[in-house]
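**Q** Following is a predicted model, sequence given first.
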Amino acid sequence: MLEINDLTLQYTADFVESGIIRVLDGISFYLKKGESIGIIGESGSGKTSLGMAVMGLSGGEVSGEIRFGGVNLLDLTDEEMRVVRWNRISMVMQNTGNVLNPAYTVEEQITEPITKHGLDSKIGAQERASLLLREVGLDSDKLNAYPVELSGGERQQVLIAMALANDPELIIMDEPTASLDVLTRRRILGLLDRIKEERSLLVISHDASTVASLENLIVLYSGRVMEAGKTDLLLKDPRHPYTRDLLRAHPFMDTTKDLQGIRGKMPTLYDLPTGCRFSTRCTQKIAICEERPPELTGCRVRGEDGSQDGDGGTYRRIACHRGGIHTLLQVNSLNKEYQNRSRNRSRTVAALNDISFELQVGEIVALVGATGCGKSTLAKVVTRIFKPDSGEIFYDGEEIHAIDAKRFHKDVQMIFQDPLDAVNTRFHVLKIVREPLEIQGKIEKQEMIRKVKHTLDEINLPSDDIFLKKYPHQLSGGELQRVTIARALITDPKLLIADEPTAYLDPSVQAKILKLLMRMQNTRGMTMLFITHDIALARKVSDRIFVMREGDLVEQGVSSDVIYSPKHVYTKELVYGAEGAAGYIYKSIRS
Amino acid sequence: MYKPLILRSRGATIGLTLIVLIFLIAAFAPFICWFDPWDYSSTPLQRPSSVHPLGTNAIGQDILSELMYGARTSLTFGLSVSAISLLLSVLIGVYAGISGGIIESILMRITDVAIAIPSIVVIILVAAYLQPNLFQLILILSLLSWQYGARTFYAQTLSLKQRGYISAARNFGAGNGYLTVKHLIPDLYPIMLAGFIIRARYAIFMEAGLAIIGIFDPTTKSLGLLMHHAMEFAYMGTWLWWLLPPGILLALTILGFSLVGYYFEETIDLRHRSMSSGRF
């Protein structure tokens, strides 16, 4: 019914070199009769412009096709467009408080489009207005109210009633739930559900939960479509880094991890990157990403049962040169045994038993398990300190033992449990932090010192000469752990493995170190494997949680799933155990 | 006033003073002595006099000059043996410890064999048959005394290898060479220093022992040789000025090295170090 092909919207502007500002760039999608579609994206991504363009209200230079019922709306004259607008396509403008004319009553505002398009008599229009008001869930006594007398939610309902006035086939809604409280929002969402039963619906929102019940979803960024597909699949398993980061920033009710924004800023429209629009903030960018923008193509999606699905049945497309979120580390059936010799008997202990998992670019995964379950062994195998007995580990698609040592160790860094053990006590801060650079070589002394200072600044440590000459025993545990973090970050690693980095620290210092690690992970776009025995801690920092028990990886899943619906018995034990301990503390505080 | 740590221990102060004094005597022997110890023009077997404070020996050489030059040889011998055997121990122990695998097995089995060999017997036999000169004797004794040190350095390397900063450095891409030069060897300095002093003491003692039983380069002057010759004429009552002085000087030298050695063993032990470095 609505088919948009290669829609481009640009404005002329004399303050930029090229003379034009492109707000929408090559947007294509279709919406079948009776279907609904959501468009999400950050503020300034072009969502509202898209709605306005469909309505023919955008001004500017529109090219491409907007086919509605077989007719290209862009070919219509203003007069013809005016007939389509409100009668066949209507729009609920963003409820900013000034969309309703404060001088007219609700009734007058609802009847206006009806009488204006000459569809009904005045009496008929008034009847219809009170009917519509009831349909959107308002009492008909609100008919005579002025907009100032209405609450935000009620104003939103009136706006929807206005959009429904001429019984259009397609309704475009711009931020229908923005700035509404939870209960009002639920009422509006219920209304949306009823409306979409009879009409086609296009909902624009920055809020993923508003569009969650719609059939299809489009993710817009800086005027281009990043990802498109069935809403449930897309929300559950986002494949584009931007979609994932956007969802990660959203406070869903069961989110356990501390919220973090997407790193960096959206590029301004008059200074767009030549390549992929998201490349300036993307954590997995490669050379081609900065050269040319990616096409929106079908992507492979992993089904519930593990099957791979192409573009075929599912409507799922993605614009990414790397084919969506990239797998940084892939571990296939890893085994490692220790010989445990006691007296004359020799017993083999499986430290790692058929471990398989994947780490994706830009995520934090917590590896949880009791002491001695093989967590640290896994870390050491992954960082090539130990050799596995069998199994494969691929870093960025390459078997790790085939990668040049220096290159591998530049990319994969580790933070240790005991900071005092992890530094040579004969070294001062400068020597400690610059050691990786010295080993990596090919760097001048001045440049090295500059880098050390820069990294120390970045993690809020002093970088003056007095601090640089301090020895480990002159620093506190927290400071020393920060120094080791600086040392790990100085080579700009892609994968950071943190082995119980806060185990020796008190809760306050621990919290600061964790915040620091998460901030560095976010700004640098690293992938992080966070090893801990504390599941309560794991849920605050991780996107996913792996649970390990005596060499087995018993459960892996999204943090909220693992915490709120643990599947394996051992995970349940861990979660309830942690809850029990917390309950005990609360009780003793209260009594 | 600032006082170096070593001078706060009375034993170590005494030991250090002794070593320094004997060193000065040895180093400046040619300037102090007014007789060439090899010059046999004086009357033999003189009693002590103002010209010859400790008399002369059986072939007319000045005993005091012999004593000073003897201290020279003894110290040179002791320190050289100590340095060479220490070098061997460190090389073998650290290399075995850091390499692991087959190299570790081979080197440590060789060490075990060396420990099983009774070195005194071997050195007596070798010396008796080969009649080695000073330099060769230094080499032989070094080759027969590295094994105990090798064990120590091997064990220390194994324990240091477990430290986090070694794993960390490996994680930055460091190889065994880097780890040895930048971390292990400097970390072992204290043990090396203590080991060096203990070993020097042992070598000086060995020199005296070998010389007394006549297995030492007879063309040199050493404390042991001096005592060896003095004993031949002990029946003539010359022991007081001929045998006793080298004995006392030897005892003082060994005492000095022992006192300083004990001090280092106690204070620069790695465990003491990590405890005093302010663990939180």
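**A** Done, it's in. Residues are numbered from 1 along each chain as shown, chains lettered A, B, ... in the order given.

**Q** residue closest to the middle of chain A?
**A** Nearest residue to the geometric centre of chain A (C-alpha atoms, centre = their mean): A:Asp245, 1.9 Å.

**Q** Tell me which residues touch that residue, please.
**A** Residues counted as contacts of A:Asp245 (C-beta atoms under 8 Å, 6 or more residues apart in numbering or on different chains) are A:262, A:281, A:362. In short, each C-beta sits where N, CA and C put it, glycine included.

**Q** top of those by neighbour count?
**A** Within the contacts of A:Asp245, most neighbours by other C-beta atoms under 10 Å in any protein chain shown means A:Gly362, with 25 neighbours.

**Q** distance of the nearest residue to that residue once chain neighbours are set aside from A:Lys380?
**A** Distances taken as C-beta to C-beta, 6 or more residues apart in numbering or on different chains place A:Thr283 nearest to A:Gly362, at 3.6 Å, with adjacent residues excluded. Using C-beta to C-beta, to the nearest Å, A:Thr283 is found at 25 Å from A:Lys380.

**Q** Then B:Lys3?
**A** B:Lys3 is 46 Å from A:Lys380, by C-beta to C-beta.

**Q** neighbour count winner among those two?
**A** Remark: of B:Lys3 and A:Lys380, A:Lys380 carries more neighbours, 21 against 7, as counted by other C-beta under 10 Å.

**Q** I figured that one was touching A:Phe386, is that so?
**A** Yes. Using C-beta atoms under 8 Å, A:Lys380 and A:Phe386 qualify as a contacting pair, with a distance of 4.4 Å.

**Q** The residue positioned nearest the centre of chain B sits in which helix or strand?
**A** With distances taken as C-alpha atoms, centre = their mean, the residue of chain B nearest its centroid is B:Ala200 (1.3 Å). Element membership of B:Ala200 [criterion: DSSP states H and E] is helix B:185-212.

**Q** Next: A:Val452.
**A** Per DSSP H and E, A:Val452 falls inside helix A:445-458.

**Q** What parts of the stretch 301-450 of chain A come near chain B?
**A** Within reach of chain B by C-beta under 8 Å from any C-beta of the partner chain, the stretch 301-450 of chain A has these residues: A:380, A:383, A:385, A:405-406, A:408-410, A:412-414, A:416-418, A:420-426, A:435-436, A:439-440.

**Q** Tell me which of those fall in strands.
**A** A:412-414 (DSSP state E).

**Q** For these, which single residue is the most surrounded?
**A** A:Met414 (28 neighbours).

**Q** What values do phi and psi take at the closest residue to it other than its chain neighbours?
**A** Computed as C-beta to C-beta, 6+ apart, the closest residue to A:Met414 that is not its neighbour in sequence is A:Ile497, at 4.6 Å. Backbone geometry at A:Ile497, expressed as degrees, to the nearest 10, gives phi -110, psi 120.

**Q** Report the contact partners of A:Ile497.
**A** Contacts of A:Ile497 by C-beta under 8 Å, 6+ apart are A:379, A:382-383, A:412-415, A:528-529, A:531.

**Q** Roughly how far does it sit from A:Leu329?
**A** From A:Ile497 to A:Leu329 the distance is 10 Å (C-beta to C-beta).

**Q** ok, and what's touching stretch B:137-152?
**A** By C-beta under 8 Å, 6+ apart, the surrounding residues in contact with stretch B:137-152 are B:77, B:80-81, B:84-86, B:88-90, B:92-93, B:96, B:107, B:111, B:114-115, B:117, B:119, B:122-123, B:126-127, B:132, B:191, B:195, B:199, B:202-203, B:206, B:210, B:216-217.

**Q** again, but for stretch A:80-100
**A** Residues outside stretch A:80-100 that contact it (C-beta under 8 Å, 6+ apart) are A:48, A:51-52, A:54-57, A:68-69, A:73, A:76, A:109, A:113, A:116-117, A:119, A:147, A:152, A:155-156, A:158-160, A:162-166, A:168-176, A:178-179.

**Q** switch to 6 Å and redo it
**A** Stretch A:80-100 is contacted from outside by A:55-56, A:113, A:117, A:147, A:155-156, A:159-160, A:163, A:166, A:168-175, using C-beta atoms under 6 Å, 6 or more residues apart in numbering or on different chains.

**Q** in that stretch, what's buried?
**A** A:81, A:84-95, A:99-100 (16 or more other C-beta atoms under 10 Å in any protein chain shown).

**Q** Go through those and name the one nearest A:Ala212.
**A** For those, the closest approach to A:Ala212 (C-beta to C-beta) belongs to A:Val92, at 18.3 Å.

**Q** what does the stretch 51-200 of chain B have sitting close to chain A?
**A** Residues of the stretch 51-200 of chain B lying close to chain A (C-beta under 6 Å from any C-beta of the partner chain) are B:163-165, B:167-168, B:170-174, B:183.

**Q** try 10 Å this time
**A** Counting by C-beta under 10 Å from any C-beta of the partner chain, the stretch 51-200 of chain B comes close to chain A at B:160, B:162-175, B:178-179, B:182-183, B:186-187, B:189.

**Q** Export only the CA atoms of the helix holding A:Val452, formatted as CSV.
**A** The C-alpha trace of helix A:445-458 is given here as CSV (Å, rounded to 0.1, in the frame of the first residue of the first chain):
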residue,chain,number,x,y,z
LYS,A,445,61.0,7.6,24.0
GLN,A,446,59.2,11.0,23.9
GLU,A,447,56.2,9.5,22.2
MET,A,448,56.2,6.7,24.7
ILE,A,449,56.1,9.2,27.7
ARG,A,450,53.4,11.2,25.9
LYS,A,451,51.3,8.1,25.5
VAL,A,452,51.8,7.1,29.1
LYS,A,453,50.7,10.5,30.3
HIS,A,454,47.7,10.6,28.0
THR,A,455,46.5,7.2,29.2
LEU,A,456,46.9,8.1,32.8
ASP,A,457,44.9,11.3,32.2
GLU,A,458,42.2,9.2,30.6
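
**Q** out of the buried residues of stretch A:80-100, which one sits closest to chain B?
**A** Using C-beta to the nearest C-beta, A:Gln94 comes nearest to chain B of those, at 51.9 Å.

**Q** where are the low-confidence patches of the chain?
**A** Assuming you mean chain A. For chain A, the stretches with pLDDT under 70 are A:119, A:298-315, A:341-345, A:581-591.

**Q** hm, I was asking about chain B
**A** Low-confidence segments of chain B, defined by pLDDT under 70: B:1-2, B:268-280.

**Q** thinking again about what came up before, neighbour-wise, which of the contacts of A:Ile497 leads?
**A** Going by other C-beta under 10 Å, A:Met414 tops the contacts of A:Ile497 with 28 neighbours.

**Q** And the helix or strand encompassing A:Gly124, what does it pack against?
**A** Following DSSP H and E, one finds A:Gly124 within helix A:122-135. For helix A:122-135, the packing partners by 3 or more C-beta pairs under 10 Å, 6 or more residues apart in numbering or on different chains; DSSP states H and E come out as helix A:106-116, helix A:152-164, helix A:182-198.

**Q** what's the angle between that helix and helix A:106-116?
**A** 120 degrees (axes from the mean of the first three to the mean of the last three C-alpha atoms, to 10 degrees).

**Q** Which positions in helix A:122-135 come out as buried?
**A** By neighbour count on 16+ other C-beta under 10 Å, the buried set for helix A:122-135 is A:125-126, A:128-130, A:132-133, A:135.

**Q** Ok, stretch A:338-356 next?
**A** Neighbour-count burial for stretch A:338-356, counted by 16+ other C-beta under 10 Å, picks out A:351-353, A:355.
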